[in-house]
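Trainee: What follows is a protein structure lacking sequence information:
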């Protein structure tokens, strides 16, 4: 029986078997949750295959609001394209933009500091540029 009819019957209590209406309501809720999940999977699968993204796709990928993305495009702070008054993004460029301004880990900072210290000593073991 289609979900629509099950929902009507369950809501109108036409089935008077003890506990059955609760079970039917639970089944309808489970079915709705499964359909919602399948729709999300389908939307994400389609999004994963796209190379040119519209504003809504870019919002999903970046996790920022649409108004913030518009602000970035108007200030030319994010790579984008305009065609027929619509804004588009190249997926690779958008992902590269997201990866800009990487923050180094503590171990990377320590390693760079050690490399700097090793590189700033002269052949006699003293620091370069200091007092003689």
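Mentor: Received, thanks. Just so it is clear, the structure is predicted and the values come from calculations on it, not from any experiment.
Trainee: distance of residue 24 from residue 30?
Mentor: Applying CB to CB, to the nearest Å, the value for residue 24 to residue 30 is 11 Å. C-beta: built from backbone N, CA, C; applies to glycine.
Trainee: So the two - more neighbours on which side?
Mentor: Shown here are residue 24 and residue 30; by other CB atoms under 10 Å, residue 24 has more neighbours (18 against 10).
Trainee: and the more buried one, what pLDDT?
Mentor: pLDDT for residue 24: 85.
Trainee: which helices and strands sit right next to the helix or strand where it lies?
Mentor: Here residue 24, judged by DSSP states H and E, is contained in helix 20-49. For helix 20-49, the elements it packs on are helix 3-12, helix 55-62, judged by 3 or more CB pairs under 8 Å, 6 or more residues apart in numbering; DSSP states H and E.
Trainee: could you redo the last one with a cut-off of 7 Å?
Mentor: In terms of contacts (3 or more CB pairs under 7 Å, 6 or more residues apart in numbering; DSSP states H and E), helix 20-49 is packed against helix 3-12.
Trainee: Return, as residue ranges, the portions of this protein with sub-threshold pLDDT.
Mentor: Within the chain, the stretches with pLDDT under 70 are 1-20, 120-132.
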